[in-house]
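>>> turn this into a structure:
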Amino acid sequence: MDPRCALWLPLFDALADPLLVARLAAEAEEAGWHGLFVWDHVRWREPVTHVADPWITLAAIASTTSALRFGPMVSAITRRRPVKLARETASLDLLGGGRLVLGVGLGSDRFAGEFSRTGEECDDRVRGRMLDESLEVLRAAWSGEVVHHRGEHYAVDGVRFLPRPVQRPGVPVWAAGFPGNSRPMRRAARLDGFFPVNLTSAGEFADAVGKVEALRSGGPFDYVCEVEPGADVTPFVDAGATWCLTAFDPASLSVDHVRGVLRDGPAVR
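Predicted coordinates:
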């Protein structure tokens, strides 16, 4: 099967306008792109000053497109209560007719002090446990059955989350992580996809794919790579990529640049 190609947009400054991004999403769909994913941050380092909310933006994208896959890539969901996220993801999947993908990860305080400046948990190990527990709650909520959960960080006592997402058994979840760390790979192997970040070559990507494949027990699964605009995706596809995300540098972000890349169309139709 041919890989799918998506735009991956930071919602900063020129793109901190949900209406504008929704228009770009509609243009991307018309140009043949298969997906549009957005960064999920509450702030970013200077010189970025404007930041849009990803979830409001994704709702706008869902309303202006009909076939495009979309989602936060990547969301540090430990900032969010899992019961609230369960409602939001189900509603967003319904709004988009079953096109949401949930990208999850630990996030990092080093890029913008997002956790330390807002009173969030800064310990990576604690956030890792929170992330895994949150995913347990989400899976249970998406099932449509009554949820009983008592964990280290979250409690749900006899709540049923309806309506369910369109997608069954639930919204696909892709886990991001540094491929040198085993925990993100083990987490990803239990989910629906893996997005190894901060790679320098297709060879590293192939190595990450091999390690996760060794941990999996089969079934549909996505391997996601990041590429620069105009890059040849063939080495990553040969290494196992099922999705190629065209990334944009926040330091040089402009609507004209995004629109130009968008209009050139995806590397693979």
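
>>> which residues touch the helix or strand of the chain with the lowest mean pLDDT?
Scoring the helices and strands of the chain by mean pLDDT, DSSP states H and E places helix 182-189 at the bottom, with a mean of 92. Here helix 182-189 makes contact (Cβ atoms under 8 Å, 6 or more residues apart in numbering) with 105-106, 128, 131-132, 174-179, 194, 208, 211-212, 215-216. Every residue, glycine included, has its C-beta placed from N, CA and C.

>>> partner strands of the helix or strand just after that helix and their direction?
As assigned by DSSP states H and E, the chain's next helix or strand after helix 182-189 is strand 193-196. Sheet pairing of strand 193-196 (DSSP bridges) gives strand 173-177 (parallel), strand 222-227 (parallel).

>>> quick one, the longest one and helix 182-189 angle?
Angle of strand 222-227 versus helix 182-189, following axes from the mean of the first three to the mean of the last three Cα atoms, to 10 degrees, is 120 degrees.

>>> residue numbering should commence at 299 henceforth.
Sounds good: first residue 299 from here, last item strand 520-525.

>>> burial measure for the residue nearest to residue 562 when sequence neighbours are not counted, as a count.
Using Cβ to Cβ, 6 or more residues apart in numbering and skipping the chain neighbours, the partner closest in space to residue 562 is residue 528 (7.3 Å). Neighbourhood size, residue 528 [other Cβ atoms under 10 Å]: 10.

>>> for residue 528, give its distance to residue 312.
Distance, residue 528 to residue 312, using Cβ to Cβ, to the nearest Å: 20 Å.

>>> ok so, going back, could I get the strands paired with strand 491-494 as JSON lines with mean neighbour count?
Listed next are the strands paired with strand 491-494 as JSON lines, based on neighbours: other Cβ atoms under 10 Å:
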{"stretch": "strand 471-475", "mean neighbour count": "24"}
{"stretch": "strand 520-525", "mean neighbour count": "23"}
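
>>> quick one: which of these is nearest residue 345?
Residue 345 sits nearest to strand 520-525 of all the strands paired with strand 491-494, at 22.5 Å, using Cβ to Cβ.

>>> after the closest one, which helix or strand is next?
helix 532-536.

>>> give me the mean pLDDT for that following helix.
Mean pLDDT, helix 532-536: 96.

>>> ditto for stretch 402-421
93.

>>> name the residues of it that are buried.
Residues of stretch 402-421 classed as buried: 402-405, 407, 410, 412-413, 419 (neighbour count, 16 or more other Cβ atoms under 10 Å).

>>> output those residues as CSV; include the columns secondary structure.
Below are the buried residues of stretch 402-421 laid out as CSV (DSSP: H, G, I helix; E, B strand; the rest coil):
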residue, secondary structure
402, strand
403, coil
404, coil
405, coil
407, coil
410, coil
412, coil
413, coil
419, coil
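
>>> residues near the nearest residue to residue 535 once chain neighbours are set aside, how many?
Leaving aside its chain neighbours, residue 535 sits nearest to residue 301 (5.0 Å; criterion: Cβ to Cβ, 6+ apart). Look at residue 301: counted by other Cβ under 10 Å, it has 21 neighbours.

>>> also residue 346?
17.

>>> from residue 522, how far off is residue 535?
Using Cβ to Cβ, we find residue 535 at a distance of 12 Å from residue 522.

>>> overlap in contacts of the two?
Common contact partners of residue 535 and residue 522 (Cβ under 8 Å, 6+ apart): residue 542.

>>> isn't residue 427 up against residue 452?
No. Distance between residue 427 and residue 452: 10.6 Å, which falls outside the contact criterion (Cβ atoms under 8 Å).

>>> could you dump the strands paired with strand 491-494 to CSV with mean pLDDT and distance to residue 439?
Below are the strands paired with strand 491-494 laid out as CSV (pLDDT from 0 to 100; distance: least, Cβ to Cβ, whole Å):
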stretch, mean pLDDT, distance to residue 439
strand 471-475, 96, 13
strand 520-525, 97, 22
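
>>> in TSV, list those along with distance to residue 305.
Shown next, in TSV, are the strands paired with strand 491-494 (distance: least, Cβ to Cβ, whole Å):
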stretch	distance to residue 305
strand 471-475	16
strand 520-525	11
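
>>> I appreciate the help and will end here.
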